[in-house]
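Chemist: 3D, please:
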Amino acid sequence: MDREPLDAADRSNNSGVGNESTGMHASRWRIDLWLVVGVTLSCYAISSALDLNELIARGLARFEVWQADEVPLSFTLFACGLAWYAWRRRREVQTQLVLRNRAERRILDLLARNRELSQQLISRQESDRLEMARELHDELGQLCTAIRIETAWLRGCRTDDREGVLAAAERADSAALGMYESVRGMLRRLRPANLDSLGIEAALQALCNSWAERTAGTCAFRVEGVARAMSDSVDITIYRVAQEALTNVARHAAASQVQVTLSCLVDAEVSLTIQDNGRGMNTAQATDGLGLLGATERAAAVGGQLQLLSVPGRGTTIALRVPLPPSSSRSTSVPRPPRRQ
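Modeler: Numbering: from 1, shown residues only. Predicted coordinates for the structure are as follows:
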């Protein structure tokens with residue numbers, strides 16, 4: 001069942017309940033107001049008929065030494081003060097209720113967005129598992145079968161057939177090498193080896209080179225500023241955002257040129273910019289796909305921000321900014337010239 005109609009129905013029901021509650025409160029306030037007016041008019045009528053004010057004044061005259069005749073006016077002012085105090089507290093309560101309702105609506109929106117993201121992430125995980133299972137079956141399964149065939153032939157061949165044995169061994173070695181390359185490719189997709197051995201710059205350069213080889217386009221990589229060591233979480237966030245951006249360019253942008261720029265400002269922030277010359281899109285009408293949502297969540301997890309800028313027909317720019325903690329030891333490496341593939 002679709003969740004959007006249910007959410008809309010829930011919001012409609014909540015709105016109806018809120019309107020009904022507001023109407024009940026307004027009716028109750030009107031009743032209380034008329035009750036106060038009625039009691040006041042009744043008190044006035046009784047006081048007028050019995051001359052209560054004159055009686056009270058004559059009764060308090062004997063206590064003039066304590067200024068007891070000023071007590072009614074003082075209590076009147078005290079009652080007015082209490083009324084003003086109650087009115088101020090009511091205004092504050094109303095303001096707090098409005099802020100609380102606003103916060104609750106915000107929380108409900110965030111929960112709905114988190115549920116949507118969780119569902120998409122689960123679907124993406126299942127899709128990745130299915131794709132990997134197919135690759136294991138199609139590639140590794142065939143290579144294992146080829147190796148088994150060659151070893152079976154080796155077991156059944158004649159001892160004097162040296163050429164046949166060498167040919168079978170070569171075919172088995174070729175199949176084993178193909179299996180090794182397949183496993184390496186899968187491992188690179190799970191965790192880029194260059195990121196651990198050579199650092200973020202070399203990993204991004206290799207990513208740009210790989211993209212250029214697959215798409216026959218131009219992918220330029222440039223480093224600006226003074227590089228410094230970053231945490232593993234920041235490195236993997238930068239790499240995954242660049243990987244997702246280049247994947248989207250290859251799938252949707254129809255771009256021939258891509259510029260990837262890594263800017264490092266010492267003790268301030270690191271930024272990654274991916275700019276292409278593709279078809280662009282209207283960001284007001286675009287819907288956040290799983291890749292962009294995942295990249296946004298990755299950026300938020302390290303305290304950064306991801307921004308998408310695009311104009312139809314003028315390409316797309318994705319900018320990632322991640323603040324860096326202060327560091328006492330600064331890197332002394334010099335800026336590197338632009339590298340192209």
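
Chemist: got the contact list for the spatially most central residue of the chain?
Modeler: Closest to where the C-alpha atoms of the chain average out (Cα atoms, centre = their mean) is Glu297, at 3.9 Å. Shown in contact with Glu297 (Cβ atoms under 8 Å, 6 or more residues apart in numbering): Leu117. Yep, even glycine has a C-beta here, placed from its N, CA and C like the rest.

Chemist: what about it, distance to Arg115?
Modeler: According to Cβ to Cβ, to the nearest Å, Glu297 and Arg115 sit 14 Å apart.

Chemist: for Asp232, same thing?
Modeler: Separation of Asp232 from Arg115 (Cβ to Cβ): 29 Å.

Chemist: Kindly report the same for Arg91.
Modeler: Arg91 is 37 Å from Arg115, by Cβ to Cβ.

Chemist: what does Pro323 give?
Modeler: According to Cβ to Cβ, Pro323 stands 29 Å off from Arg115.

Chemist: just Asp276 next, same as before
Modeler: 32 Å.

Chemist: Compare the two (neighbour count), which wins?
Modeler: More neighbours surround Asp276 than the other of Asp276 and Arg115, with 26 against 12 (other Cβ atoms under 10 Å).

Chemist: So which residues of this structure form helices?
Modeler: 3-50, 52-60, 71-135, 141-156, 162-190, 193-197, 200-215, 232-248, 290-301 (DSSP state H).

Chemist: so of these, which one's packed in deepest?
Modeler: Ranked by mean neighbour count, those are led by helix 232-248 with a mean of 20 (mean count of other Cβ atoms under 10 Å).

Chemist: Quick one: list the elements packing against it.
Modeler: In terms of contacts (3 or more Cβ pairs under 8 Å, 6 or more residues apart in numbering; DSSP states H and E), helix 232-248 is packed against helix 193-197, helix 200-215, strand 257-265, strand 269-276, helix 290-301, strand 316-323.

Chemist: Val258 bridge partners, please.
Modeler: Cys219, Asp276 (DSSP bridges).

Chemist: Check whether it really touches Gln275, as I assumed.
Modeler: Yes: at 7.1 Å, Val258 counts as touching Gln275 under the criterion of Cβ atoms under 8 Å.

Chemist: Show me the shaky parts of this structure.
Modeler: Along the chain, segments meeting pLDDT under 70 span 1-26, 53, 57, 59-72, 158, 226-228, 266-267, 284-291, 326-341.

Chemist: Columns distance to Glu54 on top of the helices and strands packed on helix 232-248, output as TSV?
Modeler: What follows is the helices and strands packed on helix 232-248, written out as TSV (distance: least, Cβ to Cβ, whole Å):
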stretch	distance to Glu54
helix 193-197	96
helix 200-215	94
strand 257-265	85
strand 269-276	82
helix 290-301	76
strand 316-323	78
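
Chemist: who wins for proximity to Ala83 among the ones you listed?
Modeler: helix 290-301 (49.3 Å; Cβ to Cβ).

Chemist: what angle separates the closest one from helix 71-135?
Modeler: Per axes from the mean of the first three to the mean of the last three Cα atoms, to 10 degrees, the angle that helix 290-301 makes with helix 71-135 is 130 degrees.

Chemist: Measure how helix 290-301 sits relative to strand 269-276, angle-wise.
Modeler: 170 degrees.

Chemist: distance between stretch 304-322 and the chain's centre?
Modeler: Centroid separation for stretch 304-322 versus its chain: 16 Å, with Cα atoms, centre = their mean, to the nearest Å.

Chemist: List the residues that contact Leu272.
Modeler: 238, 241-242, 260-263, 319-320.

Chemist: Mind doing that once more with 6 Å?
Modeler: Contacts for Leu272 were tallied using Cβ atoms under 6 Å, 6 or more residues apart in numbering; they are 238, 262, 320.

Chemist: Spatially nearest residue to the first one (excluding sequence neighbours)?
Modeler: Same thing as Ile238. In this structure, Ile238 finds its nearest non-sequential neighbour in Leu272, 5.2 Å apart by Cβ to Cβ, 6 or more residues apart in numbering.

Chemist: tell me which residues form a beta bridge with the one you found?
Modeler: Beta-bridge partners of Leu272, as defined by DSSP bridges: Leu262, Leu320.

Chemist: Burial check on Gly278, number of neighbours?
Modeler: Neighbours around Gly278, by other Cβ under 10 Å: 22.

Chemist: Hmm, Ala255 and it touching each other?
Modeler: Yes: here Gly278 reaches Ala255: they are 3.4 Å apart, a contact under Cβ atoms under 6 Å.

Chemist: quick one: Val258 and Ile318, what's the gap?
Modeler: Taken as Cβ to Cβ, the span from Val258 to Ile318 is 11 Å.

Chemist: Walk me through the domains of this protein.
Modeler: Structurally, the chain divides into domains by automatic domain parsing as follows: 3-122, 128-190, 199-340.

Chemist: Would you quantify the distance from Tyr85 to Arg91?
Modeler: Distance check for Tyr85 against Arg91: by Cβ to Cβ, it reads 11 Å.
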